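>>> Model the following, please.
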Amino acid sequence: MTLVKQEHGGDPQTLEDHYGRPKQGWLDLSTGINPQPYVPRKLDLENWGSLPSASSLSKLRRAAATCYGVSNPNLITAAPGTQSLIQWLPRMRPSGNVSVISPTYNEHALCWHNAGHKVIEANNLKHVEKNSDVVIVVNPNNPDGQQHEPKDLKRLAESQAKKGGWLIVDEAFCDVSPELSIASSVGLPGLIVLRSFGKFYGLAGLRLGFAISDPAIAESFSSLLGPWAVSTPAIMIGEVALLDIEWRQQTLLQLKLASERLDEVLKAFNLEVVGGTYLFRLVSTSRRGAIYQSLAERGIMVRQFRLEPKWLRFGLPGNEESWQRLESALTHHKDREN
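Modelled structure (predicted):
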């Protein structure tokens, strides 16, 4: 496979260095992060200056177990973001063959490659190498929104377990498609599910994520991460948010409506929506470079992909002013094309 310099959304500094700072500031639509973050009804700041306690971490794990449908909280490891887990996982196995369903979040392939594993790209589950020691699936996928049925993933997990292999399912965007989750199936040997907190809850800067795995792998994670890996603020906010069912249900509906509105906006400018989730939409267009440039000149960041020359990913605007700003910028570009 071809590995290139890693690029991510959410980097306004790079564009600012190139285009200068727009008068309105940057409108960042380059990520798949909820633009309406979770705000706790009450913030208790009293314990924020203290190191995290074992009891508070246990409460967080129980909240995550309730939210994700996991019967045993001890199968859950809390971490300072799933990125840290993605980087540790390749160092928990001897070098081997790793199949990654691609194109997808590029840190998976890079981290396994850098740890000395042979990384093989496959475009769907049917094309996974039979001799794969590890299979990695992002479900639903980022950036194209490809979905894999839980029954197919469970079948693959069982197949991997028989030969001592792993199936890693990154469910970073599964909060908006909960029917796809196989977190409740964890307990099968070698099945590892990763859950992101920051995307759905709009709190990526809090740095909180979870691994759900069998007891042996959970113990390895705990040893590698060490004490106090997750901050006290992340533990306290995470526990409250994960148990806030009403907010979760309302947010899921709001994101659905916002993604449908974004589809309508993009289609009105003859941009073909080819995939995505309720948190982002993926467009395929031969005019990618011109559109990206035009939006950037007007202070709007979207996400382009070096290895996919027609793709642009649009996140959700967070308020009416941002919606109007996006439509105005697309209108300006359309007028310039004509």
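
>>> What is the longest helix of this structure by residue count?
helix 245-268 (DSSP state H).

>>> Give me the packing partners of that helix, helices and strands only.
Judged by 3 or more C-beta pairs under 8 Å, 6 or more residues apart in numbering; DSSP states H and E, helix 245-268 is in contact with strand 272-277, strand 280-284, helix 320-337. The C-beta positions use only the backbone N, C-alpha and C, and glycine is treated the same way.

>>> By mean pLDDT, point me to the weakest helix or strand of the protein.
helix 12-19 (a mean of 76; mean pLDDT, DSSP states H and E).

>>> counting contacts, what elements does that helix pack onto?
By 3+ C-beta pairs under 8 Å, 6+ apart, helix 12-19 packs against helix 288-297.

>>> Could you give me the buried positions within the helix it packs on?
Arg288, Ile291, Tyr292, Ser294, Leu295, Ala296 (16 or more other C-beta atoms under 10 Å).

>>> on that earlier part again, which of the helices and strands packed on helix 245-268 sits most buried?
Most buried of these, by mean neighbour count (mean count of other C-beta atoms under 10 Å): strand 280-284, with a mean of 23.

>>> Against which helices or strands is that one packed?
Against strand 280-284 (3+ C-beta pairs under 8 Å, 6+ apart) you get helix 245-268, strand 272-277, strand 308-315.

>>> Provide the angle between the direction of the longest helix of the chain and the direction of helix 320-337.
20 degrees (axes from the mean of the first three to the mean of the last three C-alpha atoms, to 10 degrees).

>>> Now do the buried residues in helix 245-268.
Trp247, Arg248, Thr251, Leu252, Leu255, Ala258, Ser259, Leu262, Asp263, Val265, Leu266.

>>> Could you export those as TSV, including distance to Leu307 and pLDDT?
Output for the buried residues of helix 245-268, formatted as TSV (distance: C-beta to C-beta, whole Å; pLDDT from 0 to 100):
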residue	distance to Leu307	pLDDT
Trp247	37	97
Arg248	34	98
Thr251	32	98
Leu252	31	98
Leu255	28	98
Ala258	28	98
Ser259	25	98
Leu262	24	98
Asp263	25	98
Val265	26	98
Leu266	22	98
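
>>> Show me which of the residues you listed is closest to Leu225.
Arg248 (26.5 Å; C-beta to C-beta).

>>> who's in contact with that closest one?
Neighbour list for Arg248: Cys67, Asp175 [criterion: C-beta atoms under 8 Å, 6 or more residues apart in numbering].

>>> All further residue positions should be reported with the first residue as 5.
All right, first residue 5 from here; so that's Arg252.

>>> What separation do you get for it and Ile216?
According to C-beta to C-beta, to the nearest Å, Arg252 and Ile216 sit 18 Å apart.

>>> Also Arg97?
Taken as C-beta to C-beta, the span from Arg97 to Ile216 is 18 Å.

>>> Make sure I have this right: Val123 is in a helix.
No. Under DSSP: H, G, I helix; E, B strand; the rest coil, Val123 sits outside any helix and is assigned strand.

>>> For it, give the beta-bridge partners.
Val102 (DSSP bridges).

>>> Between Arg97 and Ile216, which has more neighbouring residues?
Neighbours of Arg97 and Ile216, each counted by other C-beta atoms under 10 Å, are more numerous for Ile216; the result is 30 against 16.

>>> and that one, what is it in contact with?
Tyr72, Val74, Leu79, Ile80, Thr81, Ala187, Val190, Ile196, Val197, Leu198, Arg199.

>>> sorry, back to before: closest one of the buried residues of helix 249-272 to Arg159?
For these, the nearest to Arg159 is Leu256 (27.9 Å; C-beta to C-beta).

>>> Could you pull up the residues touching the closest one?
Leu256 touches Asp179, Val180, Tyr282, counting by C-beta under 8 Å, 6+ apart.
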